[in-house]
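Novice: Fold the following and give me the result.
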Amino acid sequence: MNRKIISIIFTLAVLTAGASALFAEEPVTIKTLFKLLPEKALKPVFDNFNLDTANRDSYIEVCDEKNRYLSLKSKYGFEMCYWDVKGGKKLILVSYDGAGSGVFYLYNKGKISETNDFGIKTVKEQIKKSPAFQGMNDLIRFYPLRDNTSLAVMINQLDCMIFKWKNEKFVRISDYVLKETDDEADVYSILLSGFVKALNAHDAASCLQYIKPEYIAFQCMDMLQGRTEQFICKLIAGQTENIGYIAPNRLEDIKKATYSLNPNAPDSEPDFMIIIELIDGRTYTYFPKVENIEEAEIYGLPIQYLYLVGAME
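Specialist: The predicted structure is shown next:
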């Protein structure tokens, strides 16, 4: 009798351990996290949103598991993504159009709760310090960049702050900085040298610092849904004498980028060109188009800043 009892207990223990191991190995995906979101994270999206988790899949527009990104069929532009945290935790961003529309949640062992840790409190403080922040009816959008490492915050489409995920917290990158004494030629040089440096580092997020915020919002975030590298590659398309227009498929295709003054430009306008050499041996010329922010003086923004732009599609 004792042997039978011991055998039964041992069998149950093995089955229980096996089931636990199987459950533990089940991966946490962006769709898993979407189904665990609290109701208050979803109510602003649809007036008649069926919050039953069994029906949530029907609202999904894009589910990009590789880049941890999900968006819904919504006029509010609902998006979410996540970053890994030690111990199997996940930091989740839920974002949609509207004032102050960015909420962070922490997933831990099947449960989700709001958080302002991981540098998020500092991010929000820096937003309030932006010259573009008015303090009333501000349009602030947290954009997940589909590279698993970065976050863009758009403030009234006048200022775009870029944060990188480093050592489990968000850290702002601020490489494009001007002094009041910089004249127009200095600004062109600082703008293009910084952009070229980011290209050579194959760093799409850093490239965004040198691009006009409004252009980023429409082309990169809305049209391409945060596919930043694809956005940069399209922006820097150029031409060769023999092949015509050309663009890299990815930034790692760039062997070297350099900039110089365009010798054929009119004397009245500074005009630069960027020479891009690809790893396959081809070389082409990209002629940057540069603009300022027209409303800069009205909103009290630094008026000497210039930014790269491209054609609106």
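
Novice: so where is the stretch 151-300 of the chain shaky, pLDDT-wise?
Specialist: Within the stretch 151-300 of the chain, the set of residues satisfying pLDDT under 70 comprises 262-270, 298-300.

Novice: for the stretch 1-150 of the chain, same thing?
Specialist: Across the stretch 1-150 of the chain (using pLDDT under 70), the flagged ranges come out as 1-25, 46-54, 74-76, 98-101, 135-136, 148.

Novice: where do the helices sit along it?
Specialist: 2-25, 30-36, 39-42, 120-129 (DSSP state H, counting those that start in this stretch).

Novice: List the contacts of the second one.
Specialist: In this structure, residues lying in contact with helix 30-36 by C-beta atoms under 8 Å, 6 or more residues apart in numbering are 53, 56-57, 60, 63-65, 68-70, 80-82, 90, 92, 107, 110, 112. The C-beta positions use only the backbone N, C-alpha and C, and glycine is treated the same way.

Novice: how about 7 Å then?
Specialist: 53, 56, 63, 65, 68-70, 80, 82, 90, 92, 107, 112 (C-beta atoms under 7 Å, 6 or more residues apart in numbering).

Novice: Now neighbour count too, for the residues you listed, in a markdown table please.
Specialist: Below are those laid out as a markdown table (neighbours: other C-beta atoms under 10 Å):
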| residue | neighbour count |
| --- | --- |
| Thr53 | 11 |
| Arg56 | 17 |
| Cys63 | 14 |
| Glu65 | 11 |
| Arg68 | 21 |
| Tyr69 | 23 |
| Leu70 | 23 |
| Met80 | 22 |
| Tyr82 | 26 |
| Lys90 | 21 |
| Ile92 | 24 |
| Tyr107 | 21 |
| Ile112 | 16 |
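
Novice: For Tyr305, list the residues it contacts.
Specialist: Leu178, Asn292, Ile293.

Novice: Who wins on neighbours among those?
Specialist: Neighbour tally across the contacts of Tyr305 (other C-beta atoms under 10 Å): the maximum, 21 neighbours, falls on Ile293.

Novice: how about it, what does it touch?
Specialist: Applying C-beta under 7 Å, 6+ apart to Ile293 gives the contacts Leu158, Leu301, Tyr305.

Novice: Can you get me the start-to-end distance on stretch 161-174?
Specialist: 8 Å (C-alpha to C-alpha, to the nearest Å).

Novice: make that stretch 104-118, sorry
Specialist: With C-alpha to C-alpha, one end of stretch 104-118 sits 10 Å from the other.

Novice: Can you pull out the residues in contact with that stretch?
Specialist: 28, 33, 36-38, 89-94, 103, 120, 168-170.

Novice: can you pull the buried residues of stretch 111-120?
Specialist: Ile112, Thr115, Phe118, Gly119, Ile120 (16 or more other C-beta atoms under 10 Å).

Novice: Report how many residues lie close to the closest residue to Glu295 other than its chain neighbours.
Specialist: Leaving aside its chain neighbours, Glu295 sits nearest to Leu158 (6.6 Å; criterion: C-beta to C-beta, 6 or more residues apart in numbering). Residues lying near Leu158 (other C-beta under 10 Å) number 21.

Novice: just the one 10 residues further on next, same as before
Specialist: Using other C-beta under 10 Å, Glu168 is surrounded by 14 other residues.

Novice: so what's the backbone phi/psi at it?
Specialist: When read as degrees, to the nearest 10, the backbone of Glu168 gives phi 60, psi 40.
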